[in-house]
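In: sequence first, predicted model second:
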Amino acid sequence: MRIEGYVIVSANGMLADANRVMPSSLKFDADQTFFESALDRADLIVHGKNSFEDQERSPQRTRIVLTRSVSALAPDPDNPKATLWNPARATFEDACRQAGVTSGTAAIIGGPVVFDMFMDRYETFWLSQAHSVTIPDGIGAFPGIPERSAEAILESHGLKPTETRLLDAIGKVDVTAWSRD
């Protein structure tokens, strides 16, 4: 599986407010379009129980949801396209087999603990940044924020910036691909 990560963060590295909710100030049409297009190309979506992309085609996407509420692996009783995975009791590869996806691209979409689990496996991590937004007392995209920047954390795991795209000039939003050599 090719592993790719996707997140948008504020200027201070936050992906959510103190209530674990992504504020509307962090939602930009151009980034949402970029994100949705990437997920449409992915074969599998991976996220924690509090993360979800909330898009029109979301119910059509095969996904793995990390949770400690199952012993190892289980079908999601509320979503026939979802597999519940307890990473303490089953491997990612086991979860992929249970979900019926063993090749292609897995898009990791959060939250912080989920992003961290795959840090040494990403081929590319797409870091969108809203440079004009700050979220005081928020939830950092990765463990270790705000003591370290998102960029420093990605770099410490062997990822390097390879391309940056401007998504919204007025909102000062761009996306940088952080890739392995």
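Out: Alright, I've got the coordinates.
In: which other helices and strands does the longest helix along the chain contact?
Out: Counting residues, the longest helix found in the chain (DSSP state H) is helix 29-41. Here helix 29-41 touches strand 2-10, strand 105-108, strand 124-130, strand 160-168, strand 173-179, going by 3 or more Cβ pairs under 8 Å, 6 or more residues apart in numbering; DSSP states H and E. Using the backbone N, CA and C atoms, a C-beta is placed for each residue, glycine as well.
In: now that helix: average pLDDT?
Out: Across helix 29-41, the average pLDDT comes to 96.
In: one step back: how about TSV for the helices and strands packed on helix 29-41, with mean pLDDT added?
Out: Shown next, in TSV, are the helices and strands packed on helix 29-41 (pLDDT from 0 to 100):
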stretch	mean pLDDT
strand 2-10	98
strand 105-108	98
strand 124-130	98
strand 160-168	98
strand 173-179	98
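In: do you know which of those lies nearest E93?
Out: strand 105-108 (10.8 Å; Cβ to Cβ).
In: give the other helices and strands that that closest one contacts.
Out: Where contact means 3+ Cβ pairs under 8 Å, 6+ apart, strand 105-108 is packed against strand 2-10, helix 29-41, strand 44-48.
In: partners of it in the sheet?
Out: Take DSSP bridges as the rule and strand 105-108 pairs in its sheet with strand 2-10 (parallel), strand 44-48 (parallel).
In: A169 versus the residue most central in space within the chain, what's the distance?
Out: In the chain, the centroid-proximal residue (Cα atoms, centre = their mean) is I109; its distance is 2.0 Å. Noted for I109: a distance of 25 Å to A169, by Cβ to Cβ, to the nearest Å.
In: just give me the neighbour total for D76.
Out: For D76, the count of nearby residues is 16 (other Cβ atoms under 10 Å).
In: flag every buried residue along the helix or strand where E151 lies.
Out: In the assignment (DSSP states H and E), E151 maps to helix 150-156. When burial is assessed from 16 or more other Cβ atoms under 10 Å, helix 150-156 yields the following buried residues: A150, I153, L154.
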